[in-house]
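Asker: One predicted model, sequence on top.
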Amino acid sequence: MAKFILHRIQRMTTNPAAENITPGLEAAAYLHWITCHEHDPERFDCVADQLPKLRQHVADYLDLTARVTAAQLELMAATSAGVGEVAGTKDFEPAAVQPVPDRVELVGAQFGYNWVLIYWKAAPAGGKPCGYRVYRTDKRSAPVLVATVTELEALLPDQPEQLNLCYYITAFNAAGESPASAEFCLMLNNPEEAEPSQARPVVAAAATYPESEMPVRRELGEAMMTFIQKTMSYMMTPGEGDEVMRQVATEEYRQAVLKAASQNIEVSLCWHTLAVWTEDGKERIGYFSRALDCCRAEARAKKPETAQEIWSWLHTQADCLFEIGRVHFHEEAPEAARTFLNEALTWARQVDAVQAKAGVQDDRLEGRIGELLLQLPENI
């Protein structure tokens, strides 16, 4: 399923457990808004007041990553040298010699105007890595080392724009460096793209979309960005925001979603986004219902296979049913609320059963559903 970074930004504030929100992804979201404002201050004026905090968050993340990596490399050097005692440790003994790590698996990337967030999986075999190196190449000169990290992701700010570049990762330990991973290639701020600041889909080495779908997907991403930006502006300045512009952006996004759906592009997450950012109760029910129907149709067309895909499919259904039930609860329709909440609870229990295998943190969905059910009158 195509997932844009703005969907993930939205989920950070509404349902963090719906995505694997890593520190690098969170910092990338902040960097996304910073660079969008730098390139078009008028369009993104709603985030102007938040820029100092956003810049501080990004700086803190990069500083912490650098310090953790330096400490890890220092420990690795001490280990390989056979030092008998290392500061901050007790009864330290040199570790057993490890073989060279195997090749890592490139998972994908997010990118904006001049930044890239790239992430990967550790190799299941070979020596234990002490860290990872990210290289950049233009295929005409020697590769450039752009990051050394100990986590399975790297945020790369201030990357060259309008150049064809490729990135790859290696793992290393005291024994040596692994072969290079598959490459991720792109051109940042491509002048041929109408909207270089729009959210990008996750791009994995083996996950590409048909060329015929790309114009619709780009249009969908642009409409979503405008919709969220206008809605945020309206909500952040009550009484001052432009309600007409928000309604126009909402309708444009809705039409883009319908257009994508007509071409069999997955849109359950798009309907979910519309529902989350909509205030009117009836409209929320309508959008969550569409998200639910599309989620089930997408699963029939392509059955979820991995643990994360199964978890996402179950969670989306439970969450949509919960939100519909919650609207009925607040609109004092207890019978309808109980019907939807009970169904949501059934799905939420299945979510709990697979979340550990999917590697997802508990967002207490089952507990939140139960809390709302307890508040309903018993005589219905």
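Answerer: Here it is on my side, so go on. Numbering: from 1, shown residues only.

Asker: C-alpha only now, for contacts and for neighbours.
Answerer: Fine.

Asker: where along the stretch 51-200 of the chain do the helices fall?
Answerer: For the stretch 51-200 of the chain, the helices defined by DSSP state H, counting those that start in this stretch occupy 51-81.

Asker: can you list the weak-confidence ranges in it?
Answerer: Residue ranges of the stretch 51-200 of the chain with pLDDT under 70: 75-97, 190-200.

Asker: Strands of that one, residue ranges please.
Answerer: 105-111, 116-121, 131-137, 144-149, 153-156, 164-173, 176-177, 184-187 (DSSP state E, counting those that start in this stretch).

Asker: Would you tell me which of those strands gets closest to residue 231?
Answerer: Distance to residue 231, taken as Cα to Cα, is lowest for strand 105-111 among these, at 23.2 Å.

Asker: ok, residue 268 - contacts?
Answerer: 290, 291, 292, 293, 294, 295 (Cα atoms under 8 Å, 6 or more residues apart in numbering).

Asker: Could you rerun that using 7 Å?
Answerer: 291, 292, 294, 295 (Cα atoms under 7 Å, 6 or more residues apart in numbering).

Asker: on that earlier part again, turn the strands of the stretch 51-200 of the chain into a markdown table, including distance to residue 68 and mean neighbour count.
Answerer: As requested, the strands of the stretch 51-200 of the chain are arranged in a markdown table below (distance: least, Cα to Cα, whole Å; neighbours: other Cα atoms under 10 Å):
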| stretch | distance to residue 68 | mean neighbour count |
| --- | --- | --- |
| strand 105-111 | 22 | 22 |
| strand 116-121 | 18 | 20 |
| strand 131-137 | 11 | 20 |
| strand 144-149 | 8 | 16 |
| strand 153-156 | 13 | 23 |
| strand 164-173 | 16 | 22 |
| strand 176-177 | 20 | 16 |
| strand 184-187 | 26 | 17 |
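
Asker: Dump those strands to JSON lines, plus distance to residue 340.
Answerer: Shown next, in JSON lines, are these (distance: least, Cα to Cα, whole Å):
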{"stretch": "strand 105-111", "distance to residue 340": "36"}
{"stretch": "strand 116-121", "distance to residue 340": "38"}
{"stretch": "strand 131-137", "distance to residue 340": "47"}
{"stretch": "strand 144-149", "distance to residue 340": "46"}
{"stretch": "strand 153-156", "distance to residue 340": "39"}
{"stretch": "strand 164-173", "distance to residue 340": "47"}
{"stretch": "strand 176-177", "distance to residue 340": "54"}
{"stretch": "strand 184-187", "distance to residue 340": "44"}
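
Asker: Residue 329 is nearest to which of these?
Answerer: Here strand 105-111 is closest among the strands of the stretch 51-200 of the chain (Cα to Cα), at 38.2 Å.

Asker: what lines up beside the closest one in the sheet?
Answerer: strand 116-121 (antiparallel) (DSSP bridges).

Asker: and the angle from the strand it pairs with to strand 131-137?
Answerer: 130 degrees (axes from the mean of the first three to the mean of the last three Cα atoms, to 10 degrees).

Asker: which other residues reach strand 116-121?
Answerer: Against strand 116-121 from outside (Cα under 7 Å, 6+ apart): 28, 104-111, 152-157.

Asker: mind exporting that strand as PDB, just the C-alpha atoms?
Answerer: Extracted as PDB, the C-alpha positions of strand 116-121 are listed here (Å, rounded to 0.1, in the frame of the first residue of the first chain):
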ATOM      1  CA  VAL A 116      16.900  11.800   2.500                       C
ATOM      2  CA  LEU A 117      15.800   9.300   5.200                       C
ATOM      3  CA  ILE A 118      17.100   5.800   4.200                       C
ATOM      4  CA  TYR A 119      16.500   2.700   6.200                       C
ATOM      5  CA  TRP A 120      17.400  -1.000   6.000                       C
ATOM      6  CA  LYS A 121      17.300  -4.400   7.700                       C
END
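
Asker: the inter-axis angle of that strand versus strand 164-173?
Answerer: Using the same axes, to 10 degrees: strand 116-121 against strand 164-173 is 40 degrees.

Asker: Return the member of the contacts of strand 116-121 nearest to residue 281.
Answerer: If you rank those by distance to residue 281 using Cα to Cα, residue 28 comes first, at 32.5 Å.

Asker: What is the neighbour count of that closest one?
Answerer: 26 (other Cα atoms under 10 Å).

Asker: where's it, which helix or strand?
Answerer: Per DSSP states H and E, residue 28 falls inside helix 23-39.

Asker: Could I get the buried residue list for that helix?
Answerer: 23-37 (16 or more other Cα atoms under 10 Å).

Asker: quick one on the thing from earlier: tell me which of the contacts of residue 268 fall in strands.
Answerer: Residues of these located in strands (DSSP state E): none.

Asker: Can you verify my assumption that residue 105 contacts residue 183?
Answerer: No - with contact defined as Cα atoms under 7 Å, residue 105 does not reach residue 183; the gap is 10.1 Å.

Asker: ok so, going back, now the contacts of residue 268 in a markdown table, with neighbour count, pLDDT and distance to residue 343?
Answerer: Putting these into a markdown table (neighbours: other Cα atoms under 10 Å; pLDDT from 0 to 100; distance: Cα to Cα, whole Å) gives the following:
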| residue | neighbour count | pLDDT | distance to residue 343 |
| --- | --- | --- | --- |
| 291 | 24 | 92 | 16 |
| 292 | 23 | 94 | 13 |
| 294 | 20 | 92 | 18 |
| 295 | 23 | 92 | 16 |
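
Asker: ok, now which ones touch residue 272?
Answerer: 287, 288, 291.

Asker: hmm, I was thinking of residue 105
Answerer: With contact set as Cα under 7 Å, 6+ apart, residue 105 has these partners: 120, 121, 122, 123, 181.

Asker: domains in the protein, as residue ranges please.
Answerer: 5-88+96-187, 211-374 (automatic domain parsing).
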